[in-house]
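Engineer: I would like to see how this sequence folds:
(one chain, ligands or ions: 1)
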Amino acid sequence: MSDSPSMAILTESLTKIYHGTRIALSCVDLQVEPGTVLGILGPNGAGKTTLVRLLMGLHVATAGRVYLFGERMGPNAAALRRRIGYVPAQPNFPQSMTAVDYLDFVGRLGGMPRKTRRPALAKLIRAVDLQNLSGQPISRLSTGLLARLSLAASLINDPEILVWDEPSMGLDPDARRTMLELITNLASSKTLLLCSHHVSELKQVCDRAIVLHEGNLIYDGDVESLGGSANPSLVEIALVGDRKTMTAAAKMIDEFDEITRCKFAKGRMSIEIRPDVSYANVLAHVLSVLSDHQLELAELQVGGQQADGSLLELAMEEGSRGLTRAYQSVVD
Ligand SMILES: Nc1ncnc2c1ncn2[C@@H]1O[C@H](COP(=O)(O)OP(=O)(O)OP(=O)(O)O)[C@@H](O)[C@H]1O
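Structural biologist: Take a look at the predicted model:
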């Protein structure tokens, strides 16, 4: 039992190192209260799926612990796992089963008796608008329909926690809207974790967001502070180093899809971040590039706010980790 049984999710120094070499998650401390809708953001390879799989006990942590409602989660905690409804980013369906048979099968795995399973699956089939296709083999369903089936499967045994990895992938705009409405409805009774690259979607439904970068938790807070028009989209960075290296770094940064413009002149880099993307993600990326090029940060201004001297010293001393921390303090 943890000290905080009231937390839906609690992790302590959660760490995962694959094959003894690849640090996918590093000392993540997270507390999620019941009823939270938490957005999980991060660039590819940031550690989102690793975190989610550890929360579900599908991976063994290299170090640290996971508790759900105060109970220790791990590979043998099958009963605890049933309290989570999971939508993986790339669901692997048994192709020859029909949608109805599949939902029935998932319900059975979740320990539901037939008496409650049948009405629940009929209701879900209607809710995700699969009535006309529920008797078709799964192999004939389109990507959008598979996404809906996956959502339905995660809800069948009425779990307290929902973990949805990229749930809107493959959905058309109407289906996306319906899904966001569904999340809003579910939010009153469930704890939801949503991995997504769509900050604008997360902003509509989440009350909190975390950002992972290279296995580190670099942001945990208000979802409103992540991207969007309310946020400063201009970052000014003064650099110390070789001019050629700076030009090469600026060129690389300018190619990021999330950046509208990266200008570099007289040792100062001016970066405009697209308003619809995760501001925290992009900045963490930029700082990594600068660190990889061994460029020193002399000054960092985010939307007119300047980092103080001690932060810059820290950043310079500690390379990329320090840069990330300096950034984190600026946005806090
Ligand atoms: N089974 C594995 N064996 C070895 N390395 C792995 C394994 N799974 C993930 N990794 C590595 O761990 C890091 C984190 O991966 P993870 O899949 O958790 O990131 P992610 O944020 O979910 O990425 P994406 O958005 O691309 O799905 C990556 O560098 C990845 O290559």
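Engineer: when you work out contacts or count neighbours from here on, use the C-alpha atoms and nothing else.
Structural biologist: Fine.
Engineer: partners of the host helix or strand of W164, with directions?
Structural biologist: With secondary structure defined by DSSP states H and E, W164 is part of strand 161-165. Within its sheet, and counting by DSSP bridges, strand 161-165 is paired with strand 84-87 (parallel), strand 191-195 (parallel).
Engineer: ok, which of those strands comes nearest T49?
Structural biologist: Smallest distance to T49 across the strands paired with strand 161-165 (CA to CA): 8.4 Å, for strand 191-195.
Engineer: what mean pLDDT does that closest one have?
Structural biologist: Predicted confidence along strand 191-195 averages 93 (mean pLDDT).
Engineer: thinking again about what came up before, average pLDDT for the strand holding W164?
Structural biologist: The average pLDDT for strand 161-165 rounds to 93.
Engineer: distance between it and the chain's centre?
Structural biologist: What separates the centre of strand 161-165 from the centre of its chain is 10 Å, taken as CA atoms, centre = their mean, to the nearest Å.
Engineer: ok, back up a step: got JSON lines for the strands paired with strand 161-165, with mean neighbour count and distance to T247 too?
Structural biologist: Shown next, in JSON lines, are the strands paired with strand 161-165 (neighbours: other CA atoms under 10 Å; distance: least, CA to CA, whole Å):
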{"stretch": "strand 84-87", "mean neighbour count": "24", "distance to T247": "43"}
{"stretch": "strand 191-195", "mean neighbour count": "24", "distance to T247": "34"}
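Engineer: now the ones you listed in CSV, with distance to P43?
Structural biologist: Listed next are the strands paired with strand 161-165 as CSV, based on distance: least, CA to CA, whole Å:
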stretch, distance to P43
strand 84-87, 19
strand 191-195, 11
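Engineer: list just the one of the ones you listed that sits closest to E224.
Structural biologist: Put simply, out of the strands paired with strand 161-165 the one that sits nearest E224 is strand 191-195, at 15.5 Å, with distance taken as CA to CA.
Engineer: quickly check: the closest one near the ligand or not.
Structural biologist: No. Strand 191-195 stays out of contact with the ligand when judged by CA under 6 Å from any ligand atom, the minimum separation being 8.6 Å.
Engineer: so how far is that strand off the chain centroid?
Structural biologist: 8 Å.
Engineer: and the strand holding W164, C-alpha only, in CSV?
Structural biologist: What follows is strand 161-165 as a C-alpha-only set of coordinates in CSV (Å, rounded to 0.1, in the frame of the first residue of the first chain):
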residue,chain,number,x,y,z
ILE,A,161,-9.2,4.5,-15.3
LEU,A,162,-9.0,5.0,-19.1
VAL,A,163,-5.7,5.1,-20.9
TRP,A,164,-6.1,6.1,-24.5
ASP,A,165,-3.0,6.3,-26.7
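Engineer: which outside residues touch it?
Structural biologist: When contacts are taken as CA atoms under 8 Å, 6 or more residues apart in numbering, the neighbours of strand 161-165 outside the stretch itself are 8, 49, 52, 83-89, 151, 154-155, 190-196.
Engineer: partner strands of the helix or strand hosting C27 and their direction?
Structural biologist: With secondary structure defined by DSSP H and E, C27 is part of strand 22-32. The partner list of strand 22-32 in its sheet, established with DSSP bridges, is strand 9-18 (antiparallel).
Engineer: go through the strand it pairs with and flag the buried ones.
Structural biologist: Within strand 9-18, the residues scored as buried using 16 or more other CA atoms under 10 Å are 9-17.
Engineer: what about the strand holding W164, near the ligand?
Structural biologist: No. Judged by CA under 6 Å from any ligand atom, strand 161-165 and the ligand are separated, with a smallest distance of 8.8 Å.
Engineer: list phi and psi for L186.
Structural biologist: Its backbone dihedrals place L186 at phi -70, psi -30, with angles given as degrees, to the nearest 10.
Engineer: can you get me a residue count around it?
Structural biologist: 17 (other CA atoms under 10 Å).
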